[in-house]
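Asker: Structure for the following, please:
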Amino acid sequence: MTAAQYLNCLQGVMQREWLRFFQQRSRFLSALVRPLLWLLVFAAGFRAALGVSIIPPYSTYITYETYILPGLCCMILLFNGMQGSLSMVYDREMGSMRVLLMSPLPRPFLLLCKLLATALVSLIQVYAFLAIAWCFDIRPPLWGLLAAAPALLLAALLLSSLGLLLSNGIRQLENFAGVMNFVIFPLFFLSSALYPLWKMRESSEWLYWLCALNPFTHAVELVRFALYQQFNLTALLVCLGLWLLFSLAAVLTFNPQRAAVRG
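Answerer: Sure, this is the predicted structure:
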C-alpha cells in the first residue's frame, strides 16, 4: 500500500463525516445549546454561591463563567464523541462499516481515520461555542485559543476512542442512549468541569478522589491550562496514555460482523 492510498482513505472517511455533519444542522445546534445553557443561565445563578479562589492557571480571581468555560468545551467533545460512536453502531447495523473494512488497508488505520474525523468535527463546534462566549465578554487570552487547539484535539481523540470502545459492547441500537447517559453524566459531573477539586475535597474526601481519578477531569485541566498558555504535564500524560489504551482496546474488540440484534 502506498502513502497516496492511505491519504485517499483518510480523505474519504473525513468527507463522509463532514457531509454527515453539514446535513444534520440540528446536531450542530444541539451541541451548542447544552453548554450555552450552563454558561448563560446556570452560571448566573451559581456565581454568588460558588466563588473561585486564585488557583492555577489563573493569576487572579475569576468569575464562575470563566472557570467553567474549559469544562463546557470538553462537554461538547464528550457529547460529540458519544454521538460519533452512535454512528459506528448504526453503520455496523446497516452493514456499511463492513463495506469500508473490505478495503486492504489495516483496520486500525480505518478506525483511527474515523476517530480523527469525529475529533475535527468536534473542534469546529468548540470554536463556534468559544466565539459565542466571546460575544458575552467571556474571553480567554487570544493566543490561548490557538494554543488550546492541540489540547482540544487530544481530548477529543480520548473521548471519541472511549465512545468507540463502549459502542463495541452494545448489541442493540435501542440500548445506546441508556448506556451513554450512564457514562456521560457521571464523567461530566464527577470532574473539575463545574467545580474546583478543592471544593470537592471540602465536601467529601472520597468524592474528591472519584473526581481526581476521572479521565474527563484530566481532559478538562489539559484544556484549561492550554487556554492560558500553560502546560500541565500530568494531564497531558494521562490523556495521551488513556487515548492509546482506549484506542488499542477499541481496535482489539471491534467486530464488524456483530450487527445489532433486535430483541
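
Asker: so what does the helix or strand harbouring Y127 touch, helix or strand wise?
Answerer: Element membership for Y127 (DSSP states H and E) is helix 107-135. If you count contacts as 3 or more CB pairs under 8 Å, 6 or more residues apart in numbering; DSSP states H and E, helix 107-135 packs onto helix 3-23, helix 25-37, helix 64-94, helix 142-167, helix 233-253. For the C-beta atoms, the positions are set from N, CA and C on the backbone; glycine is no exception.

Asker: what mean pLDDT does the second one have?
Answerer: Predicted confidence along helix 25-37 averages 81 (mean pLDDT).

Asker: which other helices and strands contact that helix?
Answerer: Secondary-structure packing of helix 25-37 (3+ CB pairs under 8 Å, 6+ apart): helix 64-94, helix 107-135.

Asker: Same list (the ones you listed) but as JSON lines, adding mean neighbour count, mean pLDDT and distance to L187.
Answerer: Converted to JSON lines, those look like this (neighbours: other CB atoms under 10 Å; pLDDT from 0 to 100; distance: least, CB to CB, whole Å):
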{"stretch": "helix 64-94", "mean neighbour count": "23", "mean pLDDT": "83", "distance to L187": "6"}
{"stretch": "helix 107-135", "mean neighbour count": "19", "mean pLDDT": "89", "distance to L187": "15"}
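
Asker: wait, which of the helices and strands packed on helix 107-135 is closest to F109?
Answerer: Distance to F109, taken as CB to CB, is lowest for helix 3-23 among the helices and strands packed on helix 107-135, at 6.7 Å.

Asker: Of all the residues in that closest one, which ones are buried?
Answerer: 9-10, 13-14, 16-17, 21 (16 or more other CB atoms under 10 Å).

Asker: ok, L166 touching V179?
Answerer: Yes: the pair L166 / V179 is scored as a contact, 6.7 Å apart, by CB atoms under 8 Å.
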